[in-house]
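Asker: Predicted coordinates and the sequence they were generated for:
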Amino acid sequence: MRSVAIALLSLLSLPAFSANKNLGLPTAPVTIEVFSDYQCPICKTFYEQTLRPLVAQYVNTGKVYLIHRELPLTAVHPYAHQAACYACAAERIGKYEQACESCSGSRIRGRKTAR
């Protein structure tokens, strides 16, 4: 219970939701929200093996709208909150993808965003 409370408290200091982290068209028939932690090896595997094909086959074709949210699990990943803050700050200057690459070593490429 204490870990959950710490994780929730750490989220309070993250910047608010940003449309620049979203992929695809908001009018797509399906919306998927992804919550990730930059230090989580399972999150990295998910991005490499599942999310990249999903983006290529469904997001880029207008079938899915993908929303990315930061979920640093600070109880088990001590630098996840710092990495999430870094990625959010980089997003403000248009460098979100590069920051994600730097934080986790791998993220989505070839994305199409609705502006």
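Answerer: Alright, I've got the coordinates.
Asker: Give me the most central residue, this structure.
Answerer: Compute the mean C-alpha point of the chain, and by Cα atoms, centre = their mean the closest residue is residue 68, 3.8 Å away.
Asker: Quick check on it: phi, psi?
Answerer: According to degrees, to the nearest 10, the main-chain angles of residue 68 amount to phi -100, psi 130.
Asker: same question, residue 36
Answerer: According to degrees, to the nearest 10, residue 36 has phi -140, psi 160.
Asker: before we move on, what about residue 66?
Answerer: Given degrees, to the nearest 10, the pair of backbone angles that residue 66 has is phi -110, psi 130.
Asker: List the buried residues for the lengthiest helix in the chain?
Answerer: The helix that spans the most residues within the chain, counting by DSSP state H, is helix 80-92. For helix 80-92, burial by neighbour count (16 or more other Cβ atoms under 10 Å) applies to 80-81, 83-88, 90-91. Quick note: C-beta positions are derived from backbone N, CA and C, even for glycine.
Asker: beta partners for residue 66?
Answerer: residue 23, residue 32 (DSSP bridges).
Asker: So it versus residue 82, what's the distance?
Answerer: As defined by Cβ to Cβ, to the nearest Å, residue 66 lies at a distance of 24 Å from residue 82.
Asker: repeat for residue 64
Answerer: For residue 64, the distance to residue 82 - Cβ to Cβ - is 30 Å.
Asker: ditto for residue 59
Answerer: On the measure of Cβ to Cβ, residue 59 and residue 82 end up 28 Å apart.
Asker: Quick one: distance of stretch 84-94 to the chain centre.
Answerer: Between the centre of stretch 84-94 and the centre of its chain there are 11 Å (Cα atoms, centre = their mean, to the nearest Å).
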